[in-house]
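Colleague: Provided below are the primary sequence and the corresponding predicted coordinates.
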Amino acid sequence: MTEVLTAEQMRAIEQAAIKSGAVSGLELMERAGRGVVEAICDKWPEFSVGSVAGGAAPRPAAVPRDISEKLKRAAVLCGPGNNGGDGFVVARLLKERGWAVKVFLYGDAAKLPADAKVNYQRWCELGAVQALSTVTFEGDQIWLLTDLVVDALFGTGLTRAVDLPLVALDAEPAVGHTHQVVAIDLPSGLCSDSGRVIGEGAVQADLTVTFHRRKCGHVLADGPEYCGSVVIKDIGLAPTAEVGGQSRPVWRDAPDAGVLAKGQGAHKFTHGHALILSGGAGRTGAARLAARGALRIGAGLVTLGVPPSVQMEVACQITALMLQRVGEAGALREILSDDRINAVCLGPGLGQERARELVPIALQNHERAVVLDADALSAFGDDPQALFDMLHNKCVLTPHGGEFARLFPDIAQRLAEPALCGPAYSKLDATREAARRAGATVLFKGADTVIAEPDGACSVSAAIYDRSAPWLATAGAGDVLAGFITGLLARGVAPHEAAATAAWLHVGCARSFGAGLIAEDLPEQLPKVFSDLGI
Ligand SMILES: NC(=O)C1=CN([C@@H]2O[C@H](COP(=O)(O)OP(=O)(O)OC[C@H]3O[C@@H](n4cnc5c(N)ncnc54)[C@H](O)[C@@H]3O)[C@@H](O)[C@H]2O)[C@@H](O)CC1
Ligand SMILES: [K+]
C-alpha cells in the first residue's frame, strides 16, 4: 500500500523538505529532471544507445539506418511554472547526452518562479528558447518532426483550461514518422487531483514521469488514458506524516497474505457464516454467484436465503452452499436470531420490493456486517435518507455509477459537471462525501474503484495500467464482488479492508483467467490467485 497524493499534499511535502533544510527547491528540480531522463532511457533503450555526456552520440551499427537517422531530436515544451523548470533541466541533460534539443516557452521568462528561472538561464547558455503559441504549436513542423516531445507545460499547478491545441501533439506529423510524448509529472491539461481533463483537451502521453508518489490524477477518471504509463521517480523526499488535515488516499497493492491465510486447527464457524439473500424465480443466478464468491474467499459457511417458490430451482444448482427458505420479513428475522450468521449480503437479483422488506431487518443488529448492492440500493432511490438512517459502521455499499446517482444524486451531478478549473471535484471527493452522508463504507465501482469511510479514509483499487482487466465488464461480475466482500466480512475482516481486498482480488481473478472471462469464472480463479500470493 502506498499513498496517492493531491497537488496540495505534494506541495506541502516539498515545502516541508525545503524548509527543514534537507534539500533546496533547485536540487529537487534537478533530481526531477534527472529522473525524467532516466525514465525515458529505461522505456526506450534505443534513445540511450551510444549516449555520451557532452557530445554527439556515434550511430551504432546495430541500429537500422532509417531509425537511427531519426533518433535524438527532442522538443521540450516548457510552461510558466516549476513544471517548466523541470523541462529546462531535461533539455539541458538531453543536450549533454548528445541530443538535438529545441526548447519552447509558453509564457513570459521574466515571470518564471525562481528555481525555474535559474534553469531557464542555464539552458540559455546552451541553446535558444522560442516562444510557444497556438501558431507555433499548430504550424511549426520543426518540433513536430522530432523523436521525443517533452511536455513540461503544466503539472500540479494547473488551474484552468490550457489555451493551446494540445491534441495537435498527438498528430502524425509526417507519413512514416512517429514520436514519443513524455509528460513531466502529469500530461498538461489533466487535473492532478481528479484525473479529469480541464477544459477541451490534454496531452496524450506515452509515458508520464512523476515524483515521490502517484498523484490522484494518475489513477482516477481519464488519467490512465492520458498518462500512457506512469513511472514514479524518487527525488529524495522522506516519507512524512499527514499534512493538511485530510487523510491521504491509499493505493492498494496486493493484499497481505497474512490477512487471507487460515490458521491451523480452526473449524468452519471460526471463519464466519454468511447469508446471501436471493430473489424470486428466474432471478437466483446473481445471489448464487455472490454465494459462490463468499465461499471461495473463505467464509466458513455460506447459506443462500431463497423465497420458498424457488427452493427447488436453487437446490438443483448448489452443493457446498446451504439453503434456507426466507420468504417474508418474519422468516429473515427468525434466521438472523442465530448470531453465528455474522455477514449478510442483499441486492444481487433480490428485486426492489423484496429489498425494501428485508433490508431493514438485516440492518437491525449493528454487530452484524451487511453488504448492500444492486436492488438493495436502487430500492431506496426515492428516499435515500431512509436507508442512511438505518446504516451502521459494519455496512458496505457497493454502487456502480447508476446506483450511486440514485442514492447521491447531487454528488453524482457535481461529479458529472464539466471540469472547468483545477483542482476539479474528483471521484475520491464524491465517494468520501457519500460515505460521510451514508455513515457507512462506500465502494464506488469502476475501472477506478474508490472505497471511502465516513471519516475520510480512502483507498483506490483500480484495474488500470498493468492491472487492466477489460473482460471484467461482464454481467454478474458485480455480484461476485459483493460476495467476495461478504465472505471477507464473515471472516472478521473490517469493512474497509474487506472491500479493498475484495476489489483487488476481483481484478486479480479476472486477469488470471484472461480473455473469455464470464462471472462464473471469477470465484474459480481465487485458488490460483491465492496461490500466487503465497497463501
Ligand atoms: N515545488 C518543487 O519543489 C518541485 C516542483 N516540481 C515540479 O513543479 C510542478 C509544480 O509547479 P507549479 O506549482 O509552479 O505549477 P505548474 O508548473 O504546473 O504551473 C503553475 C503556473 O501555471 C499557471 N497556470 C495554471 N494553469 C494555467 C493555464 N491553463 N494556462 C496558463 N497558465 C496556467 C499558474 O498561474 C502558475 O503560474 C510539479 O508538477 C513538478 O513538475 C518538481 O520540480 C519537483 C520539485
Ligand atoms: K506536464
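Modeller: Received it, and whenever you're ready, just let me know what you need. Numbers count the residues shown, from 1 in each chain. Ligands and ions are numbered 1, 2, ... in the order given.
Colleague: was I right about E200 contacting A161?
Modeller: Yes: between E200 and A161 there is a contact under C-beta atoms under 8 Å: 6.2 Å. All C-beta atoms are positioned from the backbone trio N, CA, C, and that covers glycine.
Colleague: Common neighbours of the two, please.
Modeller: Common neighbours of E200 and A161 (criterion: C-beta atoms under 8 Å, 6 or more residues apart in numbering): G189.
Colleague: Give me the more crowded residue out of the two.
Modeller: Neighbour count, other C-beta atoms under 10 Å: between E200 and A161, A161 has more, with 19 against 14.
Colleague: Now do the contacts for the more buried one.
Modeller: G189, I198, G199, E200, L420, C421.
Colleague: so who does Q204 touch?
Modeller: By C-beta under 8 Å, 6+ apart, the residues touching Q204 are V167, L169, D170, V181, P187, E225, Y226, G228.
Colleague: out of the residues you listed, which are buried?
Modeller: Buried members of the contacts of Q204, scored by 16 or more other C-beta atoms under 10 Å, are L169, V181, P187, E225, Y226, G228.
Colleague: re earlier: most neighbours, which of the contacts of A161?
Modeller: With neighbours taken as other C-beta under 10 Å, the top of the contacts of A161 is G189, carrying 27 neighbours.
Colleague: Now for the nearest residue to F388 once chain neighbours are set aside, how many residues are close by?
Modeller: Closest residue to F388 apart from its sequence neighbours, by C-beta to C-beta, 6 or more residues apart in numbering: A438 at 5.0 Å. Neighbourhood size, A438 [other C-beta under 10 Å]: 23.
Colleague: By mean pLDDT, flag the weakest helix or strand of this structure.
Modeller: helix 65-68 (a mean of 42; mean pLDDT, DSSP states H and E).
Colleague: After that helix, which helix or strand is next?
Modeller: Using DSSP states H and E, the next helix or strand after helix 65-68 towards the C-terminus is strand 73-78.
Colleague: Quickly check: that following strand near ligand 2 or not.
Modeller: No: with C-beta under 5 Å from the ion as the criterion, ligand 2 is not reached by strand 73-78; the gap is at least 8.4 Å.
Colleague: For that strand, which strands pair with it and how are they oriented?
Modeller: Looking at strand 73-78 with DSSP bridges, its partner strands are strand 100-105 (parallel), strand 148-152 (parallel).
Colleague: For the helix or strand just after it, what does the pLDDT average out to?
Modeller: Scanning forward in sequence from strand 73-78 by DSSP H and E, the next helix or strand is helix 82-96. When pLDDT is averaged over helix 82-96, the result is 97.
Colleague: Stretch 216-236 now?
Modeller: pLDDT averaged over stretch 216-236 gives 97.
Colleague: Just the endpoints, please. Distance across that stretch?
Modeller: From the first residue to the last, stretch 216-236 extends over 20 Å; the measure is C-alpha to C-alpha, to the nearest Å.
Colleague: Most proximal residue of the stretch 201-350 of the chain with respect to ligand 1?
Modeller: Closest to ligand 1 within the stretch 201-350 of the chain is F211: 5.3 Å, counting by C-beta to the nearest ligand atom.
Colleague: For beta bridges, what are the partners of that residue?
Modeller: When assigned by DSSP bridges, F211 has beta-bridge partners K233.
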